[in-house]
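A.B. asks: Build me a model from this:
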Amino acid sequence: RPVLTPCIGVCTLDPAGYCDGCFRSGDEIGDWLSMADKQRQYIMDVVLPAREARLFEDKSPQDASL
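C.D. replies: Sure, this is the predicted structure:
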């Protein structure tokens, strides 16, 4: 059976060590196949959306009106 994955084929790590495509850390990517399905699902449902939001927040201009 296929392994559940958030990978979209954009496999480059940003300077902070997170994938530009799926937002997983290098360690998460490396450990992915050894994780239980529930652990992978939790990361995909909870961790990655929060990380994506935080990363985009960190990259947005602080005050666009300047």
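A.B. asks: okay, now D27: neighbour count?
C.D. replies: Neighbouring residues of D27 were enumerated by other C-beta atoms under 10 Å; the total is 9. C-betas here are computed from N, CA, C, even on glycine.
A.B. asks: ok, so what distance separates it from P2?
C.D. replies: With distances taken as C-beta to C-beta, to the nearest Å, D27 is found 22 Å from P2.
A.B. asks: Likewise for I8?
C.D. replies: Between I8 and P2 the computed distance is 15 Å (C-beta to C-beta).
A.B. asks: Return the residues in contact with C11.
C.D. replies: Shown in contact with C11 (C-beta atoms under 8 Å, 6 or more residues apart in numbering): 19, 21.
A.B. asks: And the pLDDT for it?
C.D. replies: The score at C11 is 91. That number is its pLDDT.
A.B. asks: if you count what's nearby, which of I8 and P2 comes out ahead?
C.D. replies: In this comparison of I8 against P2, neighbours counted by other C-beta under 10 Å, the higher total goes to I8 at 10 against 4.
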